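Asks: Fold the following.
(2 chains)
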Protein chains: 2
Amino acid sequence: MRILLTISYDGTNYCGWQRQLNGISIQQVIEDAIFSLTGERVSLVASGRTDSGVHAIGQVAHFDTNCTIPPEKICLAINGFLPDDIRVLNSSMVDDDFHARYTAKRKTYAYNFYLSTVNLPLKERFATRVETFDIEKAQMVLDTITGTHDFKCFLASGSAVKNTVRTIYDAKIVQNGNDFTVFITGNGFLYNMVRIIAGTIIFACEDKLDKDKLCLALSSGNRNLVGKTAPAKGLVLQSVQY
Amino acid sequence: MRILLTISYDGTNYCGWQRQLNGISIQQVIEDAIFSLTGERVSLVASGRTDSGVHAIGQVAHFDTNCTIPPEKICLAINGFLPDDIRVLNSSMVDDDFHARYTAKRKTYAYNFYLSTVNLPLKERFATRVETFDIEKAQMVLDTITGTHDFKCFLASGSAVKNTVRTIYDAKIVQNGNDFTVFITGNGFLYNMVRIIAGTIIFACEDKLDKDKLCLALSSGNRNLVGKTAPAKGLVLQSVQY
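Replies: Below you'll find the model as predicted:
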């Protein structure tokens, strides 16, 4: 049977979702936990990779198993073999044609900023410090990118992807005191796209980019016109919709 | 001259504030940073110790120095020698008779809870998971302990302190979704007092303690009538008032 898992992780100490030779990945740790539980060497397929240091509240992945544990109890059983910074929140049986990556319709990412003149140890793990934040300027960036666009200017240089058209359905900012979280929902995201959008919000707040420049970046696909790639630690894969 | 520092730290990886033989303390790390900066071996006096795993947003400490760095710049200079999980937020010159511990008039602690049926990796570092939380029952505990009382029942067993009378000036709960933070301000706190109050809130929310039992605990000083000592990781020294 095919099992779907919803997974949360603190990505700080991992080389990202995907198995790698030179680091411990989330995928490897969970596959090893499933092996400890079931004796099966499974291949865990996620909705998409997350980079080194990126976190997740609702990553989704599937695997096939012959184990006889009731599907909804598998999450508890796997958690018994996982370190504290990775937790399976939910498990259920899905149809054999369900695919965590190809069936995904929308994803929501969150990017966390906090406003401070000095690094705050209780914020640094899951957020990026900014010295200025202007909700109106940040919302201008989000409003401009909402809709279907060629997002080539938000693609990490060196990426080989050909189709750079994506659709952003919703993009908003939630403020809580000096904490600002940007939520972006789209049908898919290019490599580093959300982190470059976050860097572009920083640029806008620092008056290094206005709406005209952002529109020119979108129409020209010029990566140099938008912001830097913001740090991985501020990025959280919030949820995947099927 | 005497310098006052306001310090924030993620206490996860330390054996607490105070220097110890069998672990790395916050005090030692900051004293070593001051030595690297000034060449002076100073003694850093805090408003009070925090236990292993307890965090701080506004710990206060003083030390004496002959260095010629302008007082308000000392924080930046020390930060250059500190790890990411400790930061000096502010520095200033104070009178020679100022004492971080003896001059302190009030302290505010925060205790963080989050409501979930499973451990959440993005919350676990700075909060304690609870499976039930009832603001009214929690507020009953806080209302009952507010004022001047003999807090012997909230004293860790084995503590040698003689005067167990303290005054709680204010105690409130702030909710943000499934996150609940309790803020308690008092003129002083017994060893483990806030963590036992937090454990007593958990007891009240689980219907293991009502107001009558709590009043009996206060009047009798019986430690066994109140809750367990809640985990250190949920506790944050919020601020110290002089």
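Asks: Write out the residues of chain A neighbouring chain B.
Replies: A:8-10, A:55, A:57, A:75, A:79, A:84-87, A:89, A:118-122, A:124-126, A:176, A:236 (CB under 8 Å from any CB of the partner chain). Placement of C-beta: from N, CA and C, glycine included.
Asks: is it true that residue A:72 lies in a helix?
Replies: Yes: with DSSP: H, G, I helix; E, B strand; the rest coil as the criterion, residue A:72 is assigned to a helix.
Asks: For chain B, see how far away it is.
Replies: Distance from residue A:72 to chain B, counting by CB to the nearest CB, to the nearest Å: 12 Å.
Asks: Please tell me I have it right and that residue contacts residue A:88.
Replies: No: counting by CB atoms under 8 Å, residue A:72 sits too far from residue A:88 to count as a contact (11.3 Å).
Asks: list the contacts for the residue nearest to residue A:83 when sequence neighbours are not counted?
Replies: What sits nearest to residue A:83 in space, not counting adjacent residues and going by CB to CB, 6 or more residues apart in numbering or on different chains, is residue A:29, at 6.8 Å. Going by CB atoms under 8 Å, 6 or more residues apart in numbering or on different chains, residue A:29 touches A:14, A:82, A:83, A:86.
Asks: now residue A:29: how far from chain B?
Replies: Residue A:29 is 12 Å from chain B, where distance means CB to the nearest CB.
Asks: Return the distance of the helix or strand containing that residue from the chain's centre.
Replies: In this assignment (DSSP states H and E), residue A:29 forms part of helix A:26-38. Distance of helix A:26-38 from the chain centroid (CA atoms, centre = their mean, to the nearest Å) equals 21 Å.
Asks: now for the helix or strand following it, which elements pack on it?
Replies: As assigned by DSSP H and E, the chain's next helix or strand after helix A:26-38 is strand A:45-46. Counting by 3 or more CB pairs under 8 Å, 6 or more residues apart in numbering or on different chains; DSSP states H and E, the packing neighbours recorded for strand A:45-46 are strand A:55-64.
Asks: Direction included, what does the strand it packs on pair against?
Replies: Strand A:55-64 pairs in its sheet with strand A:2-9 (antiparallel), strand A:45-46 (antiparallel), strand A:235-241 (parallel), by DSSP bridges.
Asks: Just the buried positions in it, please.
Replies: Within strand A:55-64, the residues that count as buried by 16 or more other CB atoms under 10 Å in any protein chain shown are A:55, A:56, A:57, A:58, A:59, A:60, A:61, A:62, A:63.
Asks: Can you lay out these as CSV showing pLDDT?
Replies: Shown next, in CSV, are the buried residues of strand A:55-64 (pLDDT from 0 to 100):
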residue, pLDDT
A:55, 98
A:56, 98
A:57, 98
A:58, 98
A:59, 98
A:60, 98
A:61, 98
A:62, 98
A:63, 98
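Asks: Can you tell me which of the contacts of residue A:29 is nearest residue A:156?
Replies: Closest approach to residue A:156 among those (CB to CB): residue A:14, at 19.5 Å.
Asks: In contact with that closest one, which residues?
Replies: Going by CB under 8 Å, 6+ apart, residue A:14 touches A:23, A:24, A:25, A:26, A:29, A:52, A:53.
Asks: One more: residue A:19?
Replies: Shown in contact with residue A:19 (CB under 8 Å, 6+ apart): A:25, A:27, A:28, A:31.
Asks: count of residues packed around the third one?
Replies: Spelled out, it's residue A:28. By other CB atoms under 10 Å in any protein chain shown, 17 other residues sit near residue A:28.
Asks: Can you pull the phi and psi angles for the closest residue to residue A:40 other than its chain neighbours?
Replies: Closest residue to residue A:40 apart from its sequence neighbours, by CB to CB, 6+ apart: residue A:65 at 5.8 Å. Phi and psi for residue A:65, reported as degrees, to the nearest 10, are phi -150, psi 150.
Asks: Look up the pLDDT of the residue nearest to residue A:83 for me, please.
Replies: On the pLDDT scale, residue A:29 is placed at 98.
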